[in-house]
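> attaching a predicted model along with its sequence, questions to come.
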Amino acid sequence: MTTADFLQAIKEKIARQYNDKAYSHMRNRDYETALEYYEKGSQYDPENAYAYYGIGFCYHSMAYQEKDTELLERAEENYIRALEVDPGHEGSRRELEKLRKAMEQFGIR
């Protein structure tokens, strides 16, 4: 393993740890804290589609709770980012479709 490969493996491990912590907060509907952990994870591994999916999901959920359409747009940006990183990420694709339908219903699109 090269030094670069080793460093990348460490970054991916740290990102995975942050994502796991974020997921536990997201399950408890503590979206603000989950966002903090997902953001940290995406900083360590910017090619981690799951982190962007998690960020999008948190914003998506918060948008409904707070009735804030700006949060829907943030969710959309992050689902799209996840799909740019991994075009086959089914969770992002599914949630993006739901989000866009909701945006149409709210008259945002």
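Nice, I can see it. Numbers count the residues shown, from 1 in each chain.

> so where's this protein shaky on pLDDT?
Under the criterion pLDDT under 70, no range of the chain is flagged.

> ok, how many other residues are close to the residue nearest to M103 when sequence neighbours are not counted?
Distance criterion CB to CB, 6 or more residues apart in numbering; nearest residue to M103, sequence neighbours excluded, is R109 at 4.7 Å. All C-beta atoms are positioned from the backbone trio N, CA, C, and that covers glycine. Per other CB atoms under 10 Å, the neighbour tally for R109 reads 11.

> then R94?
Quick note: R94 (other CB under 10 Å) scores 12 neighbours.

> next: I55.
I55 has 26 nearby residues by other CB under 10 Å.

> the host helix or strand of Y50: what's the following helix or strand?
Here Y50 sits within helix 49-66, counting by DSSP states H and E. Following helix 49-66 in sequence order, the next helix or strand is helix 69-85 (DSSP H and E).

> between helix 69-85 and the helix or strand just after that following helix, find me the angle.
Downstream of helix 69-85, the next assigned helix or strand under DSSP H and E is helix 90-105. Helix 90-105 runs at 150 degrees relative to helix 69-85, counting by axes from the mean of the first three to the mean of the last three CA atoms, to 10 degrees.

> counting contacts, what elements does helix 90-105 pack onto?
helix 49-66, helix 69-85 (3 or more CB pairs under 8 Å, 6 or more residues apart in numbering; DSSP states H and E).

> so which elements touch the shortest one?
Think helix 69-85. Using 3+ CB pairs under 8 Å, 6+ apart: helix 69-85 touches helix 49-66, helix 90-105.

> any idea which helix is longest in this protein?
Ranked by number of residues, the top helix in the chain under DSSP state H is helix 3-27.

> run a quick neighbour tally on D45.
21.

> correction: the previous question concerned E73.
Using other CB under 10 Å: E73 sits among 15 other residues.

> which ones are touching it?
I108 (CB atoms under 8 Å, 6 or more residues apart in numbering).

> now it: how far from Y37?
In this view, E73 and Y37 are 22 Å apart by CB to CB, to the nearest Å.
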